[in-house]
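Novice: Using only what follows, build the 3D model:
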Amino acid sequence: MYIIRSISEFHRLLGLKDPLHPLISILDVTEMKLQENNIWEQFTVDFYSISIKKNIHAKVKYGRQSYDFDKGVMNYFSPKQIQSFDMEATRKFVKECGEGWMLLLHPDFLAGHPLAQEIRKYGFFSYSVNEALHLSEKEEQGILEIFKKIEAEYEHIDRHTQSIILSKIEELLLYSNRFYERQFITRKTKNHDILSNLETLLNDYFDREEPLQKGLPTVEFIAGELHLSTHYLSDLLRLLTGLNAQQHIHEKVIEKAKEYLLSGEFSVAEVAYKLGFEYPQSFNKLFRKKTEMTPLEFKSSLN
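Specialist: Here you go, the predicted structure:
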């Protein structure tokens, strides 16, 4: 796998002039001349990228998913994420890159600023490409204005440049967060399907007694079965229900635990085993945390 170490190297691979600033750059996608090269089959970069693109004739892969950028979308990559271009589509891409803008941001530009830590809290940097942000025309214009202000700022560097650019990046991330929350809400039908599928998936997992062989279901397993990234799933669930993915799993575990305890057929240790806990103490701890009583106290309260 090829690692693109610097923004300057990325510029060269795209047939662009050297960047004006080594740690931050705004690219006009229409000027990109992607060099046909095997490195695009699988690569990572050592910097953040935030893109707004449309009419892109290439399929970008991230993990097991791919996305066709034929409509206006925004996506985000953090350093070290594995990416790839579909090579057949890339040959078209070489001839016509489509439209859009890319912001490249090296982590060193954030050094010493709170944003160096804050940026890691934005889950959309870990979303899959098929979970891209879809913007309205008005939202798109707002984002492009921020891109342009950042570009104008680093073209005339002085002692205020870094602070002003960082404030614009913070603004960009806050708007991105707002627009993603809007997208979660406006795609009600699709998102409610995800909630329904999550419920069915967890019910089937416990009904088939899969915890006996596989243990407790994990967020990674659930997200994979729903064809979503873990961060996208948790952010979506948190906004729609107030609970993240791990909390949803715990809620289902407690629901099933109560069902087993109410049946009177199993001891507390047997219930813990059926639910996939390696140690009954761990089951007791979770049950007490969620219900403010131990499993035994719960059973006794029913008599």
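Novice: Can you give me the buried ones in stretch 282-297?
Specialist: If you call a residue buried by 16 or more other Cβ atoms under 10 Å, then stretch 282-297 has these buried ones: F283, N284, L286, F287, P295. Bear in mind the C-beta positions are built from the backbone N, C-alpha and C, glycine included.
Novice: what's the closest of the residues you listed to I165?
Specialist: Closest approach between those and I165, by Cβ to Cβ: L286, at 45.4 Å.
Novice: Now do the same contact list for the closest one.
Specialist: H250, V253, I254 (Cβ atoms under 8 Å, 6 or more residues apart in numbering).
Novice: go again using 10 Å as the cut-off
Specialist: Neighbour list for L286: L216, H250, V253, I254, A257, A272, L275, F277, P295 [criterion: Cβ atoms under 10 Å, 6 or more residues apart in numbering].
Novice: And for S136?
Specialist: If you count contacts by Cβ under 10 Å, 6+ apart, S136 has them with G72, G142, F179, R182, T186.
Novice: and the first one, what pLDDT?
Specialist: Confidence per residue is given as pLDDT, and for G72 that number is 65.
Novice: What of the third one?
Specialist: pLDDT for F179: 91.
Novice: Geometric centre of the protein: which residue is closest?
Specialist: Of all residues in the chain, the one closest to the mean position by Cα atoms, centre = their mean is Y127, 2.2 Å from it.
Novice: So for stretch 208-215, mean pLDDT?
Specialist: On average, stretch 208-215 scores 92.
Novice: My error: substitute stretch 41-54 in the last question.
Specialist: Here the average pLDDT along stretch 41-54 is 90.
Novice: And it, end to end?
Specialist: 22 Å (Cα to Cα, to the nearest Å).
Novice: How far off centre is that stretch?
Specialist: In this view, stretch 41-54 has its centroid 14 Å away from the chain centroid, taken as Cα atoms, centre = their mean, to the nearest Å.
Novice: try stretch 171-191
Specialist: Chain-centre distance of stretch 171-191: 13 Å, with Cα atoms, centre = their mean.
Novice: Check what contacts it and list those residues.
Specialist: Applying Cβ under 10 Å, 6+ apart, the contact partners of stretch 171-191 are 50, 74, 76, 103, 105, 115, 118-119, 121-125, 127, 131-136, 139-140, 142-143, 146-147, 149-150, 193-194, 232, 235-240.
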